[in-house]
Each structure stands twice: as C-alpha cells, then as structure tokens.
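1. Sequence and predicted structure below; questions after.
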Amino acid sequence: MFFILSFCLPSWAMHLFSADPKVITEGISYHRYLAFSYFPMLIIAVYSTVLRSAGIVKLPMLVSLVAVPLNAFLNYLLIFGHLGFPALGVGGSALATTLATTFEALVLFAFVYFQKLPGAFSIQSLLKFWHFDSEIKQLWLLTWPLLMDNFSFAVADAASGAIFGFMGTSQTVAVTIMMPIQALIITFFCRIWYGSIGYVGPSFRP
C-alpha cells in the first residue's frame with residue numbers, strides 16, 4: 001500500500017502536505033525513489049527485532065554501522081553528482097537511502113540464513129503466517145495494541161506535517177531543521193527499548 005502511494009500516487013500524496021509547486025515537484029522525485037526502500041526496511045525491522053529478542057544485539061548494530069556511512073557516502077555521490085554519478089538532488093538522497101537500506105537488509109538476511117540464526121525460517125514456516133491458527137491469533141492479540149499505538153503516532157505526525165506544510169515552505173524548513181535533534185532524543189530512548197527486548201525477551205522462553 002505504501003509502495004503504491006509513494007511510487008504511483010506521489011503527486012496526490014504531496015498535495016496532502018503542501019501547496020508549494022516546487023516542494024511538490026521535489027517531493028514526487030523523492031518519493032518515487034524512496035518507495036523501493038520500504039520492503040528492505042521491513043526486513044531490517046523484523047530480523048533485527050528477532051535477533052535482539054534472542055540476545056543477539058551486536059549483529060544488527062554492526063550491520064547498521066556499515067549501512068549508515070554507506071548511506072552518507074551515497075548521498076554525497078548522488079545528490080551532488082560526484083565521481084561521475086548523476087546529480088539527482090533530492091531524488092538522489094532518496095535513492096541513496098534505498099540502496100543503503102537494501103544493502104543492510106541483504107547483509108542481515110545473509111547472516112541470519114547462512115549462520116542459521118534465530119529467524120532463519122523456511123518458506124513453509126513463513127507461509128503459515130497466513131493461516132489463522134491459535135499461535136497466529138495470539139500473535140495478533142499481542143500485536144494490535146502496538147500497531148494502534150504506532151498508527152496513532154504516525155497519524156498525529158502526518159497531521160502536524162500537513163499543518164506546517166500549508167503554513168508555508170519556510171515554516172516547514174524550520175521544523176525540518178530541528179528534526180535531527182528530535183531524532184537523537186527518540187533514538188536514545190529507542191535503543192534503551194531495544195536493549196530491554198534482548199534482556200527481558202529470553203526470560204519469557206518456555
């Protein structure tokens with residue numbers, strides 16, 4: 001759904017957040033490149049959580065430590081067109097994120113399956129997810145409150161983004177500049193949360 005929205009309907013999506021034609025044009029380019037990063041992001045989120053729950057916290061961290069500077073370097077190449085690469089501007093930033101995220105997902109996926117780590121499920125096991133048995137029912141019962149919590153946060157964040165967007169481009173830029181500080185604060189508490197998963201999760205094993 002998010003891929004279709006970003007790749008097929010980016011203009012419609014951008015009009016929900018801004019009335020500035022230049023912002024909308026840049027946003028369309030950005031979203032079309034970024035759309036291909038959603039599936040790798042899903043793989044990273046799932047397998048990183050599985051590994052952390054099993055007490056394997058260093059592997060996701062090390063893979064991320066490689067992917068982050070790779071993303072920065074690709075941004076340098078693709079935004080400004082260095083070393084013979086095309087200068088794609090804002091779209092180059094999204095393409096860099098997509099490439100770095102895909103790399104991170106493939107590396108993490110390879111480690112999990114080649115080393116037979118927790119999460120190395122067979123295709124048959126993965127397909128069982130669609131069968132609504134007692135275990136899957138229990139999973140959804142435990143998951144839906146978290147889904148609703150994150151969905152409500154996403155809706156509130158989107159609403160505030162739309163408000164700032166229609167206030168004007170300068171207001172949007174001002175808020176965007178402050179986002180790294182917000183990200184640092186959120187990341188700090190999220191890492192404590194991830195660490196607690198690896199610590200508390202194994203204690204619930206039967």
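-> On my side now, so go ahead.
2. Can you give me the separation between Met178 and Gln171?
-> 12 Å (Cβ to Cβ, to the nearest Å). Every C-beta, even on glycine, is put in place using the N, C-alpha and C of the backbone.
3. higher neighbour count, the two?
-> Set side by side, Met178 and Gln171 show more neighbours around Gln171, with 13 against 9, by other Cβ atoms under 10 Å.
4. In this protein, which residue is most central in space?
-> Met41 (4.5 Å; Cα atoms, centre = their mean).
5. residues in contact with the residue lying closest to that residue once chain neighbours are set aside?
-> Residue nearest to Met41 in three dimensions, not counting chain neighbours: Thr101, with 5.7 Å by Cβ to Cβ, 6 or more residues apart in numbering. For Thr101, the contact set (Cβ atoms under 8 Å, 6 or more residues apart in numbering) comprises 37, 40-41, 44, 67, 71.
6. Now name the helix or strand holding Thr101.
-> Per DSSP states H and E: Thr101 is located in helix 90-114.
7. What of Val175?
-> helix 169-177.
8. for the record, mean pLDDT for that helix?
-> The pLDDT scores in helix 169-177 average 76.
9. got the buried residues for that helix?
-> 172, 175 (16 or more other Cβ atoms under 10 Å).
10. Listing request: residues of this protein with sub-threshold pLDDT.
-> Where the chain drops to pLDDT under 70, the residues are 123-133, 135, 191-206.
11. The same query, at a cut-off of 90, please.
-> Filtered on pLDDT under 90, the chain yields the residue ranges 1-40, 42-65, 68, 80-94, 109-206.
12. Quick check: longest helix in it by residues?
-> The longest helix of the chain (DSSP state H) is helix 134-167.
13. Buried residues in it, which are they?
-> 161, 164-165.
14. Just send these back as JSON lines, with distance to Met14 too.
-> Formatted as JSON lines, those follow (distance: Cβ to Cβ, whole Å):
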{"residue": "Gly161", "distance to Met14": "11"}
{"residue": "Phe164", "distance to Met14": "14"}
{"residue": "Gly165", "distance to Met14": "9"}
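15. Of those, just say which sits nearest to Val112.
-> Gly161 (34.5 Å; Cβ to Cβ).
16. Spatially nearest residue to that closest one (excluding sequence neighbours)?
-> Phe17 (5.6 Å).
17. how about that neighbour, what does it touch?
-> 27, 158, 161-162, 165-166.
18. possible to save these as CSV with distance to Pro145?
-> Putting those into CSV (distance: Cβ to Cβ, whole Å) gives the following:
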residue, distance to Pro145
Gly27, 32
Ala158, 20
Gly161, 25
Ala162, 26
Gly165, 30
Phe166, 32
